[in-house]
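Colleague: give me a 3D structure for the following:
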Amino acid sequence: MKFSDLFWSSVLMLITGLTSANSQPVIFPHPLSPRIANYNIGVRYNPDGHTLAGHDTLTWHNTSTDIIHNLVFHLYLNAFRNNKSTFMFESGANSRSYEIDSDGWGYINIKSIRLSTGEDLTHSYEFIHPDDVNSEDKTVIDLSLPRAIKSGGSITLMIDFSAKLPQPPIARSGAKSEYALVSQWFPKIGVYIDHTWNCHQYHAHSEFFADFGVYNVRMTVPGSNIVGATGLEVDTVRNNDGTTTHWYHAEDVHDFAWTTSPEFLEVKGRAQNVDIRILLQPDHREQGLRHVEAAKTAIDYFHKWYGTYPFPNLTIVDPRRGASETGGMEYPTFITGLTYFGLPATIRGVEDVVIHEFGHNYWYHLLASNEFEESWMDEGINTYTEMQIIHDAYGPDADLINFMGVQLSMVPYERLSYMGNATYDPTVRRAWEYYSGASYAVNSYIKPGLLLTTLHNYLGADTMLKIMRTYVERWKFRHPKSKDFTDVVNEVAGQNLDWFFNQGLYSRAVLDYSVDKVQTFALADARGFDYTSSESTGSSKDSTLRTANHTKDSTTLYFSEVDIRRLGDFRFPVEIEVAFDNGEKVREHWDGQDLWKKYRYTKPARLVYATVDPDHKIPLDINITNNSKTVETASLGINKTAIRFLFWIQTLFDQPDLLNVITFATSIF
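Modeller: Down below sits the predicted model:
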């Protein structure tokens with residue numbers, strides 16, 4: 001719907017007024033961020049065509065030492081303009097399994113760009129494609145400026161734009177019937193960093209990167225609609241045409257998203273001085289308190305473990321039926337959940353999604369690393385903290401699912417997801433350059449989550465907690481990179497762990513230690529020894545020998561051998577537990593550097609079994625089925641386990657709805 005000149009004039013007057021100190025609400029007494037990119041936006045939503053008509057007054061500050069001659073912008077919604085965009089090419093014209101129908105294409109058009117002085121720059125921009133050779137991609141523009149912006153200077157632009165949301169929603173944004181989730185919807189300036197513009201195209205497997213600023217956004221929607229958005233609602237105005245304008249204000253954020261629907265039910269709560277607002281679908285009303293309690297859990301743990309959440313509120317949106325593409329997504333102070341009707345409380349899908357998405361308000365929002373280029377720094381760190389909280393809050397066993405005899409914890413599930421896609425790529429890679437979507441998911445979410453959990457167990461919980469708190473405090477609002485994180489780890493741990501990160505982040509090495517062979521037999525000619533232990537220094541060409549001292553009694557002695565192998569290229573210290581039939585257990589510590597290590601014992605007891613990583617401290621180990629071996633196979637126990645496993649596999653496939661629920665509950669968001 002097109003605005004009249006009178007409406008635009010009114011919007012401009014209102015927005016211009018926001019720049020004065022007297023009219024702008026203040027949430028924080030002092031800025032928390034550099035506030036480089038600041039937006040005052042007025043937008044009208046037409047639910048009939050799911051279109052937007054907007055005006056944006058952008059003020060951008062040049063905090064670099066360079067002279068700037070151009071500005072570069074994202075036009076994200078043009079990823080859904082047609083099937084020629086890079087996003088559609090990479091995703092095969094669909095994303096996260098949902099196709100766009102013939103009338104559902106979305107777009108964003110710039111109608112005009114002017115300087116605050118009135119100078120028209122509408123014809124001074126061109127579409128560029130910095131990441132590939134696709135000249136049809138229209139998700140990035142380069143705007144030439146008539147006058148350069150000096151270091152320390154600023155520029156104010158007035159941009160008129162129109163947009164249409166994809167239907168059904170795709171890749172986080174879109175509309176379905178009465179419901180709309182409006183994200184990446186306005187011309188969004190890139191980040192000037194390292195003496196250049198960082199403004200990538202919208203790719204199928206990438207998220208976002210932007211500078212911090214202040215947002216004032218007025219959204220005009222049908223009067224019966226409820227609105228939720230980034231930041232705090234300042235005011236609402238009922239208009240003569242049956243619409244209502246909702247004014248939201250947010251400070252020190254790097255994005256702004258919103259939702260509207262006439263069907264939302266509101267459920268509220270509070271934790272750590274944070275107001276919680278759930279916008280719930282009517283068919284999920286019985287899950288309202290679950291969402292609130294999950295939000296409280298997330299806020300409490302992050303506040304206690306990783307530092308204070310510095311914002312006064314959190315809004316959680318429950319997507320409509322048929323709009324699950326908008327579920328499980330994060331924006332500053334505003335996240336989306338995802339659930340099913342009738343989801344049992346012991347399948348913790350609601351809790352997992354809320355905890356994960358709230359975590360992004362730390363690793364994505366406060367720190368604002370570049371998800372185009374180092375996605376693990378948000379998604380992977382967030383997966384690690386999600387696993388820690390889920391385990392502590394709902395564990396220690398079956399922390400994710402405990403339903404009808406099916407028990408599953410998050411760490412084993414993540415390991416299963418990692419195993420099949422572990423070797424395609426190193427973790428640190430630009431998001432669109434991974435071998436596949438599965439490789440992107442493993443290296444962005446799962447592998448770094450397991451990597452940091454392994455580091456957590458290696459260093460100890462207290463040290464790891466200090467690392468994470470130091471990282472948040474030092475790098476919030478500063479766009480950290482991978483080395484910034486690893487430098488904090490090395491500093492706080494008091495040791496150089498580059499050997500660990502070089503393998504885990506910058507190589508395809510997998511970690512796999514196995515018990516290759518165990519054997520034990522009586523020494524017929526060796527009687528009368530009183531066991532004591534002595535150890536020789538071993539290597540892959542030697543062995544560790546446990547000996548005994550001669551006595552005059554007739555105790556039978558047994559020679560036992562345990563052979564350990566390193567099957568992967570990832571080198572890591574491991575523990576080995578060796579058990580004997582008299583109840584004795586011996587712990588060995590191997591630096592894991594060589595290809596193999598042999599342990600030999602002469603003892604008055606038979607060897608029973610040997611286990612690598614007996615305390616399960618190394619979830620990064622790609623194959624735990626080879627971590628243990630017994631001298632005599634416990635066939636009865638194996639058979640019972642196999643029968644139980646086959647029973648539940650059959651049960652799940654006989655009940656597809658249950659299988660779908662469990663699959664959902666253990667998905668990555």
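Colleague: domain ranges for this protein, per the record?
Modeller: Listed domain ranges for the chain are 1-18+34-206, 367-504, 513-617+627-631 (source: automatic domain parsing).
Colleague: give me the buried positions along stretch 491-499.
Modeller: When neighbours are counted by 16 or more other C-beta atoms under 10 Å, the buried residues of stretch 491-499 are found to be Val492, Ala493, Leu497. Backbone N, C-alpha and C define where each C-beta goes, glycine included.
Colleague: let me redo that: stretch 132-142
Modeller: Buried-residue list, stretch 132-142, by 16+ other C-beta under 10 Å: Asn134, Asp137, Lys138, Thr139, Val140, Ile141, Asp142.
Colleague: on that earlier part again, which of the domains of the chain has the lowest average pLDDT?
Modeller: Among the domains of the chain, domain 513-617+627-631 has the lowest mean pLDDT, at a mean of 83.
Colleague: list the contacts of the residue nearest the centre of the chain.
Modeller: The chain has Glu379 as the residue nearest its centroid, 2.4 Å off, counting by C-alpha atoms, centre = their mean. Residues near Glu379 by C-beta atoms under 8 Å, 6 or more residues apart in numbering: Trp363, Glu371, Ser444, Tyr445, Pro448.
Colleague: would you double-check that the third one falls in a helix?
Modeller: Yes: remark: Ser444 belongs to a helix, assigned using DSSP: H, G, I helix; E, B strand; the rest coil.
Colleague: hmm, Ala431 and it touching each other?
Modeller: Yes: Ser444 is within contact range of Ala431, at 7.2 Å (criterion: C-beta atoms under 8 Å).
Colleague: give me the more crowded residue out of these two.
Modeller: Legend: neighbour count by other C-beta atoms under 10 Å for Ser444 and Ala431, higher for Ser444 (28 against 22).
Colleague: what sits against the more buried one?
Modeller: Ser375, Trp376, Glu379, Gly380, Thr427, Ala431.
Colleague: I'd say Gly223 and His246 touch.
Modeller: No: between Gly223 and His246 there is no contact, the gap being 10.8 Å when judged by C-beta under 8 Å.
Colleague: pick out whichever of those two has more residues nearby.
Modeller: Between Gly223 and His246, counted using other C-beta under 10 Å, His246 has the larger neighbour count: 21 against 14.
Colleague: so which strand or helix has that one?
Modeller: strand 243-253 (DSSP states H and E).
Colleague: that strand: partners in the sheet, and parallel or antiparallel?
Modeller: In the sheet, strand 243-253 lines up against strand 213-222 (antiparallel), strand 232-238 (antiparallel) (DSSP bridges).
Colleague: deepest of the ones you listed, which one?
Modeller: Neighbour counts (mean count of other C-beta atoms under 10 Å) averaged over each of the strands paired with strand 243-253 peak at strand 213-222, with a mean of 23.
Colleague: could you point out which element follows that strand?
Modeller: Following strand 213-222 in sequence, per DSSP H and E, is strand 226-229.
Colleague: list the strands paired with that following strand, with their directions.
Modeller: Counting by DSSP bridges, strand 226-229 is paired with strand 258-261 (antiparallel).
Colleague: which residues of the stretch 301-450 of the chain fall in strands?
Modeller: Taking DSSP state E, counting those that start in this stretch as the test, the strands found in the stretch 301-450 of the chain are 313-317, 329-331, 334-336, 401-403, 406-408.
Colleague: any idea how far the fourth one is from the middle of the chain?
Modeller: Once both centres are worked out by C-alpha atoms, centre = their mean, to the nearest Å, strand 401-403 turns out to sit 24 Å from its chain's centre.
Colleague: remind me what it packs against, helices and strands.
Modeller: In terms of contacts (3 or more C-beta pairs under 8 Å, 6 or more residues apart in numbering; DSSP states H and E), strand 401-403 is packed against helix 656-665.
Colleague: average pLDDT for the helix it packs on?
Modeller: On average, the pLDDT along helix 656-665 is 43.
Colleague: and the longest strand for the protein?
Modeller: strand 513-527 (DSSP state E).
Colleague: follow-up on the earlier one: out of the domains of the chain, which is closest to Ala298?
Modeller: Ala298 lies closest, by C-beta to C-beta, to one member of those: domain 367-504, at 7.0 Å.
Colleague: correct me if wrong: Phe311 contacts Phe334.
Modeller: No: between Phe311 and Phe334 there is no contact under C-beta under 8 Å: 10.2 Å.
Colleague: tell me where this structure has helices.
Modeller: With DSSP state H as the criterion, the chain has helices at 5-18, 86-91, 288-306, 349-360, 381-394, 410-419, 437-441, 447-459, 461-475, 482-493, 498-504, 635-654, 656-665.
Colleague: if I look at Ser507, how far off is Asp425?
Modeller: 10 Å (C-beta to C-beta, to the nearest Å).
Colleague: okay, these two: which has more neighbours?
Modeller: Each of Ser507 and Asp425 has its neighbours counted (other C-beta under 10 Å); Asp425 has more, 19 against 15.
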